[in-house]
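**Student:** Sequence below, structure please.
(2 chains)
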Amino acid sequence: MRAMVSKEFRELRRDRRTVAMIVFLPILLLVVFGYAANFSVDSISTAVVGPQADQVQTQVPEQFEVVQVDPDADADDAQDLLVRDEADVALVTGTTPVTVYVDGSALFSAQAAVSAFNRLGDQVQVEVLFNPDLQTSWVMVPAIIGLILAFIGTVVTSIGLVKERERGTLEQLAVMPIRPSTVILGKITPYFVLASLDMAIVTLLGIWLFDVPFNGNPLVFALGAGLFLFVVLGLGVFISTVSTTVGQAIQTAFFFLLPQILLSGMIFPLEAIPWGVRWISYLLPLTYFTEISQGVMLRGAPLDSLWLPVLVLALMAVLVFTGSVLRFRRSLAPGTGARSGRRHAREKVPA
Amino acid sequence: MSAGVSNLTVRFGDTIALDDVTVDVPPGRISAVVGGDGAGKTTLMRALVGRVAPSHGHISSPPEQEIGYQPATSGTWPDLTVDENLAFVGGMYGLSTAALHRRRDELLDRSGLTAARDRLASRLSGGMRTKLGFCMALMHNPSLLVLDEPSTGVDPVSRVELWRLLAESAASGTAVVLATTYMDEGERAAYVTVLDRGRALLAGPPAQVVASFPGTVVTTPRPVRQEMSWRHADGYREWWPDGTAPGGRTVDLDLEDVAIVAALQTENGANA
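**Tutor:** You can find the predicted model right below:
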């Protein structure tokens, strides 16, 4: 018994990934659930438009953070502000009662806003846009599409690549007369195709089963999904370069997936996460994909209003995908078995 | 011009994997590299196929498309059938469909794998999988065939079949080099190099290596010099460098005796 326990501790000590899971995971869960697991939104971004905008903005409850005041704007402009995600609530003054538009795609902000305005009774007329019944599934489905892409991109891709190494067939590929980039592209393309297919199926199923609307331009959605896919495929390739077994790859992928599930805004609204933790959310690709997918599907947001998440995903795609592929390429390049820096003195002899 | 390595030294950090090793692999000959674990066999095979860069010395090998390589792990894709494995390799080497089918049928026939052609590689026995790996390495008619321990863990019957295939390849002009832990395979090769801890202890045609080795080996129940004796059957064998053993029965040397003595000499210093 004592020998068994001792052996287990020795093995654990050398298995850094498991140690990381034992040490890092409880800390992550504690921090996330302690600070970030919060559904109540304290601050709702609000725009006030119409002739009495200046006057009304001083009267809105404290919970509503006025981010824009425009006396010259009308109801259409107010709705446009919500489409472009420049505010979660827009008050249109000049009518009696005051019209309030609420962005239903920002579910928790919308619930808080509707609840607050309902207390005001007849003074306001509340209209929830994009998700009138405030259904959770409408907000979750666009995010889950991203999660599925992330799963295929990181877990499935890394397993596929690590299997080649584990079985020794990567060595076989490395000596074949093909370029390393051809090997990498040949390995990744099927996963790209499968993930795209999965995305289409899940999107259509979401629309069919949950009546989730698709109000925007499918091409904008495809652009966001394509960029996001490159990022997660890059992560999958990266994981494969730091793993020698399938078990290690799954363990490592878990470290990349868990924060995305918890901190991307998919479950807990970003606005409710304190900045001490929220900065992590802005490093996660799923945060930006969710912004794009919810924006396009629910609000019909145009590309020019989603330029920031698209740009961030594009930058991430270039950095992560290129870096990972170059790293993977090193393991396929000739003469990489030796860690010596000496130049390869290899002659070709006639066949 | 032969493929091979000359004065090859390979270092991995502070570890010397190969130390000034020279191996010639001419066409039409089976060259064996024999050694135990950590002897440097795999490093040498990988150097020949361009996977390991030399720290010092030279590696000569034909272009990639002329090299056939079987890594220590058979190199087969377990989730592909025998046919699919061969087709994949043929495709990667640019064989036309007709040439691929012709070559695949020929190799399956020669290796006795025709009946298993639709079976997944993961469902093959160890010997059959090794033969498939060998066929894959041969698929594109390479001029240099590099095999890393093709017979390790393979049953004796399959080993005989494997050697028949090796001999056929060499007879057709292919330069064959294989790493093995089995001394008898070293004796079957036309040329043998015995590696120990990265150094070549012995090299040459096996019969010549044995014949030119100095001294005599005797069997004895009680060796006189422990450092130059080793267990054999129920007694010991002991080497006497000047050929004058004080007792015991003199035995006919074989490659295993010679390799053990060479290793003991290295361990105990050249003058032991």
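
**Student:** Leaving out the residues flanking it, which one is nearest to residue A:21?
**Tutor:** The spatially closest residue to residue A:21, leaving aside those adjacent along the chain, is residue A:251, at 6.7 Å (Cβ to Cβ, 6 or more residues apart in numbering or on different chains). In this view, the C-beta of every residue, glycine as well, is placed from N, C-alpha and C.

**Student:** Make sure I have this right: the one you found is in a strand.
**Tutor:** No - read with DSSP: H, G, I helix; E, B strand; the rest coil, residue A:251 is helix and lies in no strand.

**Student:** okay, now residue A:242: neighbour count?
**Tutor:** Number of residues near residue A:242 (other Cβ atoms under 10 Å in any protein chain shown) recorded here: 14.

**Student:** Kindly report the same for residue A:112.
**Tutor:** The number of residues near residue A:112, taken as other Cβ under 10 Å, comes to 25.

**Student:** For residue B:73, see how far away the nearest residue to it once chain neighbours are set aside is.
**Tutor:** Among residues not flanking residue A:112 along the chain, residue A:41 sits closest, at 5.0 Å (Cβ to Cβ, 6+ apart). Note on residue A:41: its distance to residue B:73, by Cβ to Cβ, to the nearest Å, is 55 Å.

**Student:** quick one: which of these two has more around it?
**Tutor:** Comparing residue A:41 with residue B:73 by other Cβ under 10 Å, the one with more neighbours is residue A:41, at 21 against 16.

**Student:** what domains does the record give for chain B?
**Tutor:** B:3-207, B:208-268 (automatic domain parsing).

**Student:** what residue is smack in the middle of the chain?
**Tutor:** All of this is about chain A. Geometric centre of chain A, nearest residue: residue A:286, 0.5 Å, by Cα atoms, centre = their mean.

**Student:** right idea, wrong chain: chain B
**Tutor:** residue B:179 (2.2 Å).

**Student:** Is that residue in contact with residue B:148, as I believe?
**Tutor:** Yes - with contact defined as Cβ atoms under 8 Å, residue B:179 counts as touching residue B:148 (5.0 Å).

**Student:** Name the residues contacting each of the two.
**Tutor:** B:41, B:42, B:45, B:72 (Cβ atoms under 8 Å, 6 or more residues apart in numbering or on different chains).

**Student:** what's the closest non-adjacent residue to the second one?
**Tutor:** In space, not counting the residues next to it along the chain, residue B:42 is nearest to residue B:148; the distance is 5.6 Å by Cβ to Cβ, 6+ apart.

**Student:** Could you list which residues are in contact with that neighbour?
**Tutor:** B:41, B:42, B:45, B:46, B:69, B:70, B:71, B:72, B:178, B:179.

**Student:** same thing but 7 Å
**Tutor:** B:42, B:45, B:70, B:71, B:72, B:179 (Cβ atoms under 7 Å, 6 or more residues apart in numbering or on different chains).

**Student:** Closest residue of the stretch 51-200 of chain A to chain B?
**Tutor:** residue A:168 (3.1 Å; Cβ to the nearest Cβ).

**Student:** That residue: how many residues sit nearby?
**Tutor:** Residue A:168 has 17 nearby residues by other Cβ under 10 Å.

**Student:** residues contacting residue 236?
**Tutor:** Just going to use chain A. Applying Cβ under 7 Å, 6+ apart, the residues near residue A:236 are A:153, A:154, A:157, A:158.

**Student:** that's the wrong chain, I wanted chain B
**Tutor:** By Cβ under 7 Å, 6+ apart, residue B:236 lies in contact with B:220, B:223, B:229, B:230.

**Student:** Which of those ranks first by neighbour count?
**Tutor:** residue B:229 (21 neighbours).

**Student:** does chain A sit close to stretch B:59-79?
**Tutor:** Yes - Stretch B:59-79 reaches chain A (Cβ under 7 Å from any Cβ of the partner chain) through B:59-67, B:69, B:71-73, B:75, B:77-78.
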